[in-house]
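S.K.: no FASTA, just this:
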Ligand code: HEM
């Protein structure tokens, strides 16, 4: 429904914003962006949520002191409730849901773990993980599902190595994380069990690292003492969940895009453009106004939800020339696929390394790789928060 055309107020649209199977980013975002103000939607619980679609205004929302990330505020858009997943933010240490100054302590402790320099030291381990997955693909035959057999395992294997999970437990870690984030293919009970098993494992890992510290993130964070052992549980769960499907979706979608645009295979710039072009984390930066505020001329009252749609912002023609073209040579580098402001993705340097290594090694080692079904038939996945692929059938 739209009433912007009649000039009687903001456009009002139904929630959920997207339907499974439709193109992504949804073509409707173009219309929303052309409206002068903001777009209004209501969650099933009746809560009002403002949608922000232009690049400049998305950045304004993500840096406003009158707008909070804290899900305990009245009116926060709890999208997780609409898709039947528990609210992870209730675990202490889930710092993406904290505002300054509480948030700063966690950020300060974790930034050194994800610098470009630190990620450089992780590259050999990432390369090994990627190569092992390719060995397994090649050993299994001449076709595969690159989502299940390549894109999904890589991020959790990399994170488990980063956290200091012993190699013998990494398959356990990978399978439980996969269940936890697979909203469509696992039941609520399976996800609950996986979450409890992971929490138990993480707590045991922390206890072990307290007694026998090693060269890993958990041991270093415990040594600095800025984060309690109880908070560390939430921090580790956040790293695990935030970095799993987001990275996997980018790896899979990037492979498809490169197969369709083979002139960019082997060009590192494809990584950044894949992040912008696909913008998989469109509904991740959830916010609520904590004071009355005005965005794009639209007054927003304290207690009203706000969602900056990063896929809409990353396809805003005011910010990116020919935004719908996949063009790794473009010079605009200010996409908001990782968010913006104090909550901007902590793992972004790690993701870039994972994507670059995954694409490079895959096409180097399997140069005859091709899609096993036409690109239009690939099952696009939309689970209410992220976009990706259910499967990526390939052959060589
Ligand atoms: C392509 C993959 C990824 C994408 C697209 C992505 C996207 C995002 C976005 C949009 C945010 C901002 C959330 C907000 O504004 O509320 C965010 C935050 C975050 N991401 Fe990522 N992410 C990715 C991978 C990772 C990885 C691999 C890790 C860690 C290993 C990670 C850890 C985090 C953490 C800890 C935060 C919260 C930061 C804070 O609140 O200060 N992400 N990510």
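M.R.: Received the coordinates, thanks. In this text the structure is predicted, and so the values were computed from the model without any measurement.

S.K.: drop to CA atoms for contacts and neighbour counts, all remaining ones
M.R.: OK.

S.K.: Tell me the residues on the stretch 201-350 of the chain that lie near the ligand, please.
M.R.: 238-239, 242-243, 246-247, 250, 280-281, 284-286, 337-339, 342-348, 350 (Cα under 6 Å from any ligand atom).

S.K.: In PyMOL, how would I select just the buried ones from these?
M.R.: Entered in PyMOL, the line below selects the buried ones among those, by 16 or more other Cα atoms under 10 Å:
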select buried, resi 238+239+242+243+246+247+250+280+281+284+285+286+337+338+339+343+345+346+347+348+350
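
S.K.: In contact with the closest residue to residue 244 other than its chain neighbours, which residues?
M.R.: By the measure of Cα to Cα, 6 or more residues apart in numbering, the closest residue to residue 244 outside its immediate chain neighbours is residue 155, 5.4 Å from it. Going by Cα atoms under 8 Å, 6 or more residues apart in numbering, residue 155 touches 243-245, 247-248, 354.

S.K.: how about the residues you listed, which pair is most distant?
M.R.: 245 and 354 (12.9 Å; Cα to Cα).

S.K.: Need the phi and psi values for residue 26.
M.R.: phi -60, psi 130 (degrees, to the nearest 10).

S.K.: residues in contact with the residue in the stretch 1-150 of the chain that the ligand sits nearest to?
M.R.: For the stretch 1-150 of the chain, the residue closest to the ligand is residue 96, as judged by Cα to the nearest ligand atom, at 3.3 Å. Going by Cα under 8 Å, 6+ apart, residue 96 touches 69, 103, 343.

S.K.: Just confirm it is within a helix.
M.R.: Yes. Secondary structure assignment places residue 96 in a helix (DSSP: H, G, I helix; E, B strand; the rest coil).

S.K.: a strand runs through residue 381, doesn't it?
M.R.: Yes. Counting by three-state DSSP, residue 381 is part of a strand.

S.K.: how far away is it from residue 340?
M.R.: 25 Å (Cα to Cα, to the nearest Å).

S.K.: same question, residue 371
M.R.: Distance, residue 371 to residue 340, by Cα to Cα: 34 Å.

S.K.: what residues does the stretch 51-200 of the chain put near the ligand?
M.R.: Counting by Cα under 6 Å from any ligand atom, the residues of the stretch 51-200 of the chain that sit close to the ligand are 95-96, 107.

S.K.: got CSV for the residues you listed, with distance to residue 306 and pLDDT too?
M.R.: CSV is the format used below for those (distance: Cα to Cα, whole Å; pLDDT from 0 to 100):
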residue, distance to residue 306, pLDDT
95, 19, 95
96, 16, 94
107, 23, 97
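
S.K.: List just the nearest of those residues to residue 14.
M.R.: Using Cα to Cα, those come closest to residue 14 at residue 96, 27.0 Å.

S.K.: wait, isn't residue 115 in contact with residue 351?
M.R.: No. Residue 115 is beyond contact range of residue 351, at 11.7 Å (criterion: Cα atoms under 8 Å).

S.K.: Neighbour count: these two, which is higher?
M.R.: Shown here are residue 115 and residue 351; by other Cα atoms under 10 Å, residue 351 has more neighbours (23 against 15).

S.K.: so the more buried one sits right up against residue 247, yeah?
M.R.: Yes. Counting by Cα under 8 Å, residue 351 does reach residue 247; the two are 6.4 Å apart.
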